[in-house]
Structure formats: C-alpha cells, structure tokens
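1. after the sequence you'll find the predicted model.
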Amino acid sequence: MKNLIIIFLISVITFSPVILHAESIFTAKGCEYSVVFPSTPKYQTAFDPIIGEYTQAQYGAGNKQDGFFLRAECIGAGDITNAEINTKAFLKKQIIAYAESNGLQTPEYHYGEGKLGKYVKVRGFKSISGVPSTYEAYTYVGTRSFISLYTGGVSSSYPQSSVSRFIRSLQRE
C-alpha cells in the first residue's frame, strides 16, 4: 500500500499540467509596505532628481489575449507624517502627472484613507500595438515610506487574476 501511494504521488507530480511558481515578496530598505509578485520580478535601480536612487521591481507575463505587467516601487523617507508628500494636493498632483506622462485616456482618479494609509489611484486606457489596454496606478503613504504599484493588461481580460492578487497582497507593517 505504501508503495502504491508513493507511485501515485510521483505520477501526479511528474505528469501534472500545473506548473508551480514561487511567489516573491517585494519590500525595500526603510519601507513599511510589502507586496507579493507571482514569481521573481526583475529588479532595477531608478533615479528621481528629488528622491535620488530607489529600487523598482517589475514582472510581466501573458500574450496579446491576456498579457499583463506589475511594477512596485517603495521608498523609505523617514518620518513623513507632516511632510508635503502626505498631503492630498501633492498626491493628486503626482497621480495626474503619471496619467498624463503615460498617455492614459479617460483617466479616473480616486483619493482615500484606510488601514494602509492615504492613497491615490488612477485607472485609464490606451492602445499598445493596436491592443486596447487598461492601466492602474496606486500610491499609498504611510508614516515613514510610500509605495507605488503600477499594473496594466489587455482590457478584454483585465484585471487578470495575477493583477488582482498583486493588488490585494499589499500589506503594511
């Protein structure tokens, strides 16, 4: 009986059509936020004239029918409770600039406050190589850091399950 169970398990593992990917948790030095990517993202260093260098994590998958991308940036900024970045006006200005610089059409903006901190969100559309695509960007501000999440995908299947899981995985210490 024990051998039968072992043979069964080996055949299930060997012939299973399911491919398992290891999820990857992203956070950055000094960041009070974390988010989970479906697999190991590509890391790169970005630069902002005001902030300086910071880490971006990006992940993309799929094809013209269900393709998507995910990006996260988290910047530790010390105590930002009373800083300009923690104001509604500053957050709205930044998210509008993102939408304009990325060519989003008919953007919808939202501002709110919740257990993850203050946030702004934009959702818009654009065509990539003739394929209608949906984009969303979120920025959350905590007490000592802020995180920006960027997602996009083919509109006909948006949000893809990986996009939804990515957004829902956001946590704050």
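-> Great, that's in hand.
2. what does stretch 149-161 rub up against?
-> Under the contact criterion CB atoms under 8 Å, 6 or more residues apart in numbering, stretch 149-161 has outside partners 35, 62, 64-72, 125, 131-139, 163, 166-167, 170. Every C-beta, even on glycine, is put in place using the N, C-alpha and C of the backbone.
3. can you give me the end-to-end span of it?
-> One end of stretch 149-161 sits 16 Å from the other (CA to CA, to the nearest Å).
4. pLDDT on that stretch, on average?
-> For stretch 149-161, mean pLDDT is 95.
5. buried ones in it?
-> Of the residues in stretch 149-161, 149, 150, 151, 152, 153, 154, 158, 159, 160 count as buried by neighbour count, 16 or more other CB atoms under 10 Å.
6. so where is the chain shaky, pLDDT-wise?
-> For the chain, applying pLDDT under 70 flags the ranges 1-21, 79, 81-82.
7. go ahead and flag the most central residue of it.
-> Against the mean C-alpha coordinate of the chain, by CA atoms, centre = their mean, the closest residue is residue 149 at 3.7 Å.
8. just give me the closest of the buried residues of stretch 149-161 to residue 53.
-> Residue 53 lies nearest to residue 150 out of the buried residues of stretch 149-161, by CB to CB, at 18.4 Å.
9. so what pairs up with that closest one in the strands?
-> Using DSSP bridges, the beta-bridge partners of residue 150 come out as residue 71, residue 137.
10. for the one 4 residues further on, same thing?
-> According to DSSP bridges, residue 133 are recorded as the beta-bridge partners of residue 154.
11. what ranges do the helices span in the chain?
-> In the chain, the helices defined using DSSP state H lie at 2-15, 88-101, 161-168.
12. OK, contacts around residue 148?
-> By CB under 8 Å, 6+ apart, the contact set of residue 148 is 72, 73, 74, 137, 138, 139.
13. greatest separation within those: which pair is it?
-> 74 and 137 (13.9 Å).
14. who has more neighbours, those two?
-> Legend: neighbour count by other CB atoms under 10 Å for residue 74 and residue 137, higher for residue 74 (26 against 22).
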